[in-house]
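*Asks:* sequence isn't available, so here's the structure alone:
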């Protein structure tokens, strides 16, 4: 059996998780409800936008960009990231979701 690989990135990730658990223990019930409501609002909005995008044809997406005067910025590979960023701007997710 070989040695187990370890890295600073792995240690940092493990440490970050412990930090968030401690923060959650310190939060009040009202803060917990607020955090969960923000999470739910973000997830619902992201899901609705994803369903809208999945129902669109490629021509519809290009037409949407053309009407906005942004057809030159359309990149199919980056479209999911852009859409999620738009949703996150409207419904800011709690920090534990977008790390």
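*Replies:* Perfect, thanks for sending it. Bear in mind that the values here come from a model prediction, so they are computed numbers and not experimental data.
*Asks:* residues of the helix or strand where residue 49 lies that come out buried?
*Replies:* Using DSSP states H and E, the element containing residue 49 is helix 29-55. Within helix 29-55, the residues that qualify as buried are 35, 42, 45-46, 49, counting by 16 or more other C-beta atoms under 10 Å. Bear in mind the C-beta positions are built from the backbone N, C-alpha and C, glycine included.
*Asks:* among the residues you listed, which pair sits farthest apart?
*Replies:* Spanning the widest gap among those are 35 and 49, at 21.5 Å by C-beta to C-beta.
*Asks:* what is the least confident helix or strand in the chain?
*Replies:* Within the chain, confidence by mean pLDDT, DSSP states H and E is lowest for helix 8-26 among all helices and strands, at a mean of 59.
*Asks:* before we move on, back to that, can I get the buried residues of helix 29-55 in TSV with distance to residue 75 and pLDDT?
*Replies:* Putting those into TSV (distance: C-beta to C-beta, whole Å; pLDDT from 0 to 100) gives the following:
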residue	distance to residue 75	pLDDT
35	33	89
42	24	93
45	22	95
46	20	94
49	17	95
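*Asks:* just put the residues you listed in JSON lines and tack on distance to residue 93.
*Replies:* As requested, these are exported to JSON lines (distance: C-beta to C-beta, whole Å):
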{"residue": "35", "distance to residue 93": "10"}
{"residue": "42", "distance to residue 93": "4"}
{"residue": "45", "distance to residue 93": "9"}
{"residue": "46", "distance to residue 93": "8"}
{"residue": "49", "distance to residue 93": "13"}
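*Asks:* thanks again, I'm all set now.
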